[in-house]
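Asker: structure for this input, please:
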Amino acid sequence: MNDLEERLRAAFDARARTYEPDPHAWARIMERRPRRRPARWLLAALPVALLTVFVPALLNGGLGRNTAIDPTGIYQQLMKERTPLGKEASVDNPSEGKPLRIWFARGKLGYPEVCYVVERAAGEPYGACADAVGLEHADAWYVGSTLRDGAGTAMDWGLARQDVGAVAGVTKGGQEFQGTVLSLDGAPYRLWTVTYPAQEPMSRIRISDDDGKGLGWWSRDGLSAPSGQPMSAPMELSQGISVRPYRTKDGTRLTWSRHGAELVSQLPAAASPVVITPLPDMIIGFARKDVARIEVSFGSGSTASVETRPDPWNLGVTLFAAGSPSDDPDESRRVTAYDSSGKQVWSHNEPARTAPDEADKVAGEVMTLPGTEGSGRPVRLWFTQRPDDGTEFCSTGGPAPSNRSMRSCLLDFPQNSHSFQEATTYLPDPGADIYFGPALADWESVEAVLLDGQRVRASFLRGKGTPYPVWHVSVPRGTEVGGFVVKAKGKPDKQVPNYSKSCEKRAARSGAARQILPAGITALIVSGCATFWENGEVVPALPGPLPGARLSDLLDTARPVQWIDTKTAWYGYAPAGTAKVELRMKGGATGTAEAVPDSWGQNVTLFAAPIPKGDETVSLTGYDAGGKELWRYELPRQQGPRS
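Answerer: Numbering: from 1, shown residues only. Model (predicted):
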């Protein structure tokens, strides 16, 4: 990976994808992703940094959940509802001078987690379990860091795929520190660590396979440092959490950190007496200065109580951080605040979030996605009639960590009639990957095409009173699906490619020769996608051929070209016979790319060129060698993001 936007895209759209009339969308990646509405955790959403959305999922899947202060007791608490996966590791923690204990476990919903216990040189130990499935498209990624104030040496650490043999930390100035990669028998991933001087902050890790072949790099942005100027020393809370005020352009912000990384940053002013931030298994936030204790009662019957501490900076708030007995973001809960005398001063009820919002105009019944009933957290499906957007197809829930408190809606349905989403179940073992989406009335069948060419036929679900049926197909968890074939009455079969999770990894590991194009672009076709490199770094891929098919099968009169751009180049593929492609932008700027036949028998031509300076692209036109226009593609008008 070589661009933060690409990593964000992969993190956010891992479970919901859309095959759009305009898959270009690189410059507007946030418009492409299905709308996801965060769960209402007691209050309205707070202004937090973008990375906060997924950093907690990487760093704090468990974040404690214990009251024991003995390392052995912490381990026992963490493993109450988990089973070990493979051997564990004990690595030196240079920031504390004490060991850092790391192991893998299977959580109660079946998915793998990485757990750890941190012993402190001057403080209570703490432990946590974080899900280990959030970045399945990566070769190696960060989980945490021992970096803290006052430490002379720090260690970053994370997970890697089983064929990753080496990891090196790279500073902003380009200095490298060689890391260590550990392979644990029976574990789903390898562990990596990089130790470095604390005054030499890391910016990324460079990744190589067991044979020393470079696999790219991964940014440390997920462990981003707090922004703004610190106004004082941090205040230590429980569970290894610290909070510190920072001076920013928006005013004074309170920033909670752990593992040397920002968890959330908030303005201390709030209309509500209690503000709780949605971190899995944690109760963290601030309250009105007269609030001395917070009690959270969950629908399952468990209760968490946490004492607040006055802020030492005279901001007029109290602060709190504690482990939570619940890891279900959809569970109902009641929050009650008490003053120092024990008198109740405020309470709030939050209903369970397993269905549409009350304001939604649901068309027909709310359905359960077949195959998720016994997963521990079923997926709910429904259609919504919206006066401005027409019909929406929405889903919520699901056992995968990425489904926590997430609601996904396909906004362009039914205009875009080949949209699909994905849910992963882990129970009963080994689990399943379930693909599903809305179907039009004339659809006769949908088939999933596996990478080996095998086809699996989908079933149709029709809820009472729903405007459209829903198709769904299940394959064993981890089975690669290259795409889908939709058969509609009286129409040619429609091929709908699936951006394979392993596409870019397989391309990076391939020994096949890449095709050289202008503008520093090289290309390689693998099942699932057309992969491209710009000056040796992977850049966004394009839809690839379904197994047994060719790239030309993805082009038709309505969509005669597949293309995308970066900040410096634009590239793609077009019908055979195309010798030149002209790009035209709003305002009149143009660019021209020479096209050459592909070298893999895909019946297309490939093109690439430096991107011209200008505004939004409005059209692409293809010409033959004699200058005759062969095709023209007018880009659909871009829609702004909707929340």
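
Asker: so what sits opposite residue 156 in the bridge?
Answerer: Applying DSSP bridges to residue 156 yields these beta-bridge partners: residue 145, residue 194.

Asker: so what's it up against?
Answerer: 142, 144-147, 169, 193-194, 196, 202, 205, 220, 223 (CB atoms under 8 Å, 6 or more residues apart in numbering). Placement of C-beta: from N, CA and C, glycine included.

Asker: please repeat the previous calculation with a cut-off of 6 Å.
Answerer: Taking CB atoms under 6 Å, 6 or more residues apart in numbering, we find residue 156 in contact with 145, 194, 202.

Asker: mind checking pLDDT for the first one?
Answerer: This points to residue 145. pLDDT recorded at residue 145 is 89.

Asker: now residue 242
Answerer: With respect to pLDDT, residue 242 has a value of 86.

Asker: looks like it contacts residue 257 (just checking).
Answerer: Yes - under the criterion of CB atoms under 6 Å, residue 242 is in contact with residue 257, at a separation of 5.4 Å.

Asker: which one of those two is surrounded by more residues?
Answerer: When residue 242 and residue 257 are compared for neighbours, residue 257 comes out ahead with 21 against 17, by other CB atoms under 10 Å.

Asker: you'd agree that one is up against residue 240?
Answerer: No - in this structure residue 257 lies outside contact range of residue 240 using CB under 6 Å: 9.4 Å.

Asker: now for this protein, the helix or strand with the poorest mean pLDDT.
Answerer: Within the chain, confidence by mean pLDDT, DSSP states H and E is lowest for helix 29-32 among all helices and strands, at a mean of 29.

Asker: on that earlier part again, wait, which of the contacts of residue 156 is closest to residue 635?
Answerer: Distance to residue 635 across the contacts of residue 156 (CB to CB) is lowest for residue 202, with 39.8 Å.

Asker: spit out the contact partners of the closest one.
Answerer: For residue 202, the contacting residues are 156, 169, 220, taking CB under 6 Å, 6+ apart as the criterion.

Asker: distance to residue 331 and pLDDT added to these, as TSV?
Answerer: Putting the contacts of residue 202 into TSV (distance: CB to CB, whole Å; pLDDT from 0 to 100) gives the following:
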residue	distance to residue 331	pLDDT
156	33	94
169	39	96
220	33	88
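
Asker: adding distance to residue 515, write those out as a markdown table.
Answerer: Converted to a markdown table, the contacts of residue 202 look like this (distance: CB to CB, whole Å):
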| residue | distance to residue 515 |
| --- | --- |
| 156 | 37 |
| 169 | 34 |
| 220 | 33 |
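
Asker: for the closest residue to residue 292 other than its chain neighbours, give me the pLDDT.
Answerer: Leaving aside its chain neighbours, residue 292 sits nearest to residue 340 (4.3 Å; criterion: CB to CB, 6 or more residues apart in numbering). In this model, residue 340 is scored at 95, pLDDT.

Asker: now the helices for the stretch 401-550 of the chain?
Answerer: Secondary structure of the stretch 401-550 of the chain (DSSP state H, counting those that start in this stretch): helices at 503-509.

Asker: let's verify the residue nearest to residue 292: helix, strand, or coil?
Answerer: Counting by DSSP: H, G, I helix; E, B strand; the rest coil, the backbone at residue 340 sits in coil.

Asker: tell me the phi and psi of it?
Answerer: When read as degrees, to the nearest 10, the backbone of residue 340 gives phi -70, psi -20.

Asker: that one: how many residues sit nearby?
Answerer: 10.

Asker: hmm, it is touching residue 290, no?
Answerer: No - with contact defined as CB under 6 Å, residue 340 does not reach residue 290; the gap is 7.9 Å.

Asker: quick one: average pLDDT of stretch 636-643?
Answerer: 42.

Asker: residue 471 versus residue 91, what's the distance?
Answerer: 47 Å (CB to CB, to the nearest Å).

Asker: those two - which one has more neighbours?
Answerer: Just comparing residue 91 and residue 471: by other CB under 10 Å the higher neighbour count belongs to residue 471, 23 against 18.

Asker: distance of the more buried one from residue 431?
Answerer: Taking CB to CB as the measure, residue 471 and residue 431 are separated by 20 Å.

Asker: got it, and residue 559?
Answerer: When residue 559 is compared with residue 431 (using CB to CB), they lie 35 Å apart.

Asker: so which of those two has more stuff around it?
Answerer: Counting neighbours by other CB under 10 Å for residue 559 and for residue 431 shows that residue 431 has the greater number, 21 against 14.

Asker: identify the residue nearest that one in space, chain neighbours excluded?
Answerer: residue 477 (3.8 Å).

Asker: can you give me the pLDDT of the one you found?
Answerer: Here, the pLDDT recorded for residue 477 equals 92.

Asker: if I pick it, what's in contact with it?
Answerer: Contact partners of residue 477, counting by CB under 6 Å, 6+ apart, are 430, 431, 432, 433.

Asker: pull out the buried residues from stretch 213-220.
Answerer: Along stretch 213-220, the positions that meet the burial threshold by neighbour count (16 or more other CB atoms under 10 Å) are 215, 216, 217, 218, 219, 220.

Asker: how near is the nearest residue to the fifth one once chain neighbours are set aside to residue 160?
Answerer: The spatially closest residue to residue 219, leaving aside those adjacent along the chain, is residue 204, at 4.9 Å (CB to CB, 6+ apart). Using CB to CB, one obtains 14 Å as the distance from residue 204 to residue 160.

Asker: neighbour count: those two, which is higher?
Answerer: residue 160 (26 against 19).

Asker: which non-adjacent residue is nearest the more buried one?
Answerer: Using CB to CB, 6+ apart and skipping the chain neighbours, the partner closest in space to residue 160 is residue 140 (3.8 Å).

Asker: equivalent analysis for residue 420, please.
Answerer: The spatial neighbour of residue 420 that comes closest, neighbours along the chain excluded (CB to CB, 6+ apart), is residue 437 at 3.8 Å.

Asker: where does the stretch 501-643 of the chain dip in pLDDT?
Answerer: 501, 637-643 (pLDDT under 70).

Asker: residue ranges for the strands of it, please.
Answerer: With strands called from DSSP state E, counting those that start in this stretch, the stretch 501-643 of the chain shows them at 515-516, 521-526, 529-534, 537-543, 562-565, 569-575, 580-585, 590-597, 604-610, 617-623, 629-634.

Asker: got the ones you listed as TSV, with distance to residue 118 columns?
Answerer: Rendered in TSV, the data for those read as follows (distance: least, CB to CB, whole Å):
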stretch	distance to residue 118
strand 515-516	49
strand 521-526	41
strand 529-534	39
strand 537-543	34
strand 562-565	42
strand 569-575	44
strand 580-585	53
strand 590-597	53
strand 604-610	48
strand 617-623	50
strand 629-634	55
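
Asker: out of those strands, which gets nearest to residue 308?
Answerer: strand 537-543 (46.2 Å).
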